[in-house]
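**Q** kindly return the folded structure for what I paste below:
(2 chains)
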Number of protein chains: 2
Amino acid sequence: MGEFELIRHYFFPIAEAGHTSAVVLGPGDDCAIQQIEPGRDLVFSVDALVEGVHFPPHYDPEKLGWRCLAVAASDLAAMGADPVCFTLALTLPDADPDWLHGFARGLASAAKHFGLALAGGDTTRGPLTLSLQVHGTVPRGQAIRRSGARAGDYICVSGTLGGAGAALDYLGSDNPGADEQALLVRYHYPEARLDLGVALRGYASAAVDISDGLVADLGHILAASGVAASIDATRLPVSAALKRLAGEDAVNHAMNAGDDYELCITISPQAWESLPEDIRGRLTIIGEVKSGEGLAITHNGQSQALAAGGYDHFRT
Amino acid sequence: MGEFELIRHYFFPIAEAGHTSAVVLGPGDDCAIQQIEPGRDLVFSVDALVEGVHFPPHYDPEKLGWRCLAVAASDLAAMGADPVCFTLALTLPDADPDWLHGFARGLASAAKHFGLALAGGDTTRGPLTLSLQVHGTVPRGQAIRRSGARAGDYICVSGTLGGAGAALDYLGSDNPGADEQALLVRYHYPEARLDLGVALRGYASAAVDISDGLVADLGHILAASGVAASIDATRLPVSAALKRLAGEDAVNHAMNAGDDYELCITISPQAWESLPEDIRGRLTIIGEVKSGEGLAITHNGQSQALAAGGYDHFRT
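**A** From the prediction side, this is the model:
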């Protein structure tokens, strides 16, 4: 099957399944065309995923299809953007129909789940690499940036932390137990907290998604906002499965492990009080924004200052 | 230098140099934000370039910086879109400062030349692969699609054809002559015919950029429009340098070689007559759209029917 037939066969159905009227022209021309409603701005982010760096070699193609879009969509969640569409640049060593079928199935599920229509792409031969760009929109001026945190704001996270990162230990496990399974699902099928991001628009003062670990990603907010923070490690939300598996070490996973794709936000106490009850219920207050710089972590009554620096692919 | 410092050092200056008020938020947050003027639509395209497939191994980084953006921008030209901004997902094996410096210099020149601001990106470690997405805008409904060609339309191309493809023979040449140099410039520093594309809005019935060769790319217009075509090979515009170097073979380069990034358009005879003189001067009529299907090529009085099928990365 040639390149064009391959694209048509596996990817055009995803474009049709996730169709949105905002995408006036989808795959198949020199460019795609998207209409943006008056009064709204385009919000977009690109993520590259490389085999052996962002996912294990010979990773299941269906899981990869889901995961690559979830990871990209998570950036829209962190801006409070309504999802619209995405493009995919796919470089793969050969056109293996089994692989493509699985990948397309996972991608199609994710596209439907996250409300993102495939609007265009490019496929070429080469080492397995994926580059996804997601498009969303926000009412003008209402995107949640990293730079809006102010001293006195609460620091909150969604869901539970550390599970996806801890799952890395069980990726090769032949017969994982129920708890290991629960963590593996977090790794293989991350959620992008899109509805939560949208609900936080107008409330949160800053937001970031947790891809590189809480300490690293909260660090981005602190740097962009020019503020410091203190967090109470005993408050970090951790799943029962992770607690059973990791014991005392669970808190370290929650602090430093990546791949959770939960949101970390800052919000003023007043805005917190006015948040709808169900949204508050999805967040845990873990600390407070301070003036100055640096991140202080309290754990079991002991306080420790941490450098804020995430996993860095090129650090030597 | 870590990933974040690396991005900041080499790429943020490109974002600042090519700054446009349409990009409300550039690199450094979870997403970038672009404002689209009322009454205009977003036009976008993604292109992946892989070392050893789309450019030679150990290719000069400055040329690569120019070339990758020109290639991507050419898709905007083919839609008649005004250029706005782009994103870059860059996967590279190591953070070699010399390489990055050269690449950033070439990319910055191209960004300025084509009027495209760097709005966001992602850098990761891995095999050398680039994925660029370009953003432009058109007044609503005025993008030039591949599907608008009608029987009776003229078929035109811009500039001269075949030079960039013929240059592949001289890429390793230690001491190329003036003619070889002229072709090499076409390969290394392609132009994206952005101003021509914009000028053709409202006139051209269909357009495509010539990346895979005239026969292949005109074939996309014919397939999308459901029409046939005849072209007169003796009319194909070829540079004097290519004629001197390739002789009789020049026409084959013009017909089949890729990498020229000229435009191939269709236009009704009436629209052709109303085209501004200077725009007509940049185009050569090479044939005519017919009803039916297939592509007939006349050369030296002989006619030949050709299958329309481009270079296909996955054809086996």
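
**Q** quick one: least confident helix or strand in chain A?
**A** Of all the helices and strands that make up chain A, the one with the lowest confidence by mean pLDDT, DSSP states H and E is helix A:3-17; it has a mean of 76.

**Q** other SSEs contacting it?
**A** For helix A:3-17, the contact count by 3 or more C-beta pairs under 8 Å, 6 or more residues apart in numbering or on different chains; DSSP states H and E identifies helix A:97-114, strand A:117-125 as packing neighbours. From N, CA and C alone the C-beta is placed, and that goes for glycine too.

**Q** immediately after the last one, which helix or strand?
**A** Past strand A:117-125, heading to the C-terminal end, the next element that is a helix or strand (DSSP states H and E) is strand A:129-139.

**Q** that next one close to chain B?
**A** Yes. Strand A:129-139 is in contact with chain B by C-beta under 8 Å from any C-beta of the partner chain, via A:T129, A:S131, A:Q133, A:G136, A:V138.

**Q** would you map the helices across chain A?
**A** Under the criterion DSSP state H, helices of chain A are mapped to A:3-17, A:61-79, A:97-114, A:163-167, A:178-188, A:194-200, A:214-225, A:240-246, A:250-256, A:269-274, A:277-280.

**Q** now tabulate the ones you listed in a markdown table and tack on mean neighbour count.
**A** A markdown table is the format used below for the helices of chain A (neighbours: other C-beta atoms under 10 Å in any protein chain shown):
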| stretch | mean neighbour count |
| --- | --- |
| helix A:3-17 | 17 |
| helix A:61-79 | 26 |
| helix A:97-114 | 19 |
| helix A:163-167 | 27 |
| helix A:178-188 | 18 |
| helix A:194-200 | 22 |
| helix A:214-225 | 22 |
| helix A:240-246 | 19 |
| helix A:250-256 | 22 |
| helix A:269-274 | 12 |
| helix A:277-280 | 11 |
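
**Q** quick one: which of these has the weakest pLDDT on average?
**A** Among the helices of chain A, helix A:3-17 carries the lowest mean pLDDT, at a mean of 76.

**Q** from the chain's centre, how far out does that helix sit?
**A** Here helix A:3-17 is found 25 Å from its chain centre; the criterion is C-alpha atoms, centre = their mean, to the nearest Å.

**Q** residue nearest the middle of chain A, spatially speaking?
**A** In chain A, the C-alpha nearest the mean C-alpha coordinate belongs to A:S74, at 3.1 Å (C-alpha atoms, centre = their mean).

**Q** so who does that one touch?
**A** Taking C-beta atoms under 8 Å, 6 or more residues apart in numbering or on different chains as the contact definition, A:S74 lies against A:P190, A:A192, A:R193, A:D209, A:S211, A:Y261.

**Q** one more pass at 6 Å, please.
**A** Shown here is A:S74, whose contacts under the criterion C-beta atoms under 6 Å, 6 or more residues apart in numbering or on different chains are A:A192, A:D209, A:Y261.

**Q** show me the beta-bridge partners of A:D82.
**A** Note on A:D82: beta-bridge partners A:T137, judged by DSSP bridges.

**Q** tell me, how many residues neighbour it?
**A** Other residues near A:D82 come to 20 when the count uses other C-beta atoms under 10 Å in any protein chain shown.

**Q** shouldn't it be in contact with A:V134?
**A** No. Using C-beta atoms under 6 Å, A:D82 is not in contact with A:V134; the gap is 11.4 Å.

**Q** now the helices and strands packed on helix A:3-17 in TSV, with distance to B:N300?
**A** Supplementary listing: these in TSV, determined by distance: least, C-beta to C-beta, whole Å:
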stretch	distance to B:N300
helix A:97-114	44
strand A:117-125	37
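
**Q** show the pLDDT at A:G52.
**A** Per-residue pLDDT puts A:G52 at 91.

**Q** name the nearest residue to it, ignoring sequence neighbours.
**A** Using C-beta to C-beta, 6 or more residues apart in numbering or on different chains and skipping residues adjacent in sequence, the residue nearest A:G52 is B:G126, 7.5 Å away.

**Q** so that neighbour makes contact with A:E51?
**A** No. Under the criterion of C-beta under 6 Å, B:G126 makes no contact with A:E51, lying 7.9 Å away.

**Q** one step back: mind giving me a markdown table with the helices of chain A and columns for distance to A:G152?
**A** Output for the helices of chain A, formatted as a markdown table (distance: least, C-beta to C-beta, whole Å):
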| stretch | distance to A:G152 |
| --- | --- |
| helix A:3-17 | 45 |
| helix A:61-79 | 22 |
| helix A:97-114 | 34 |
| helix A:163-167 | 30 |
| helix A:178-188 | 32 |
| helix A:194-200 | 18 |
| helix A:214-225 | 12 |
| helix A:240-246 | 31 |
| helix A:250-256 | 23 |
| helix A:269-274 | 7 |
| helix A:277-280 | 18 |
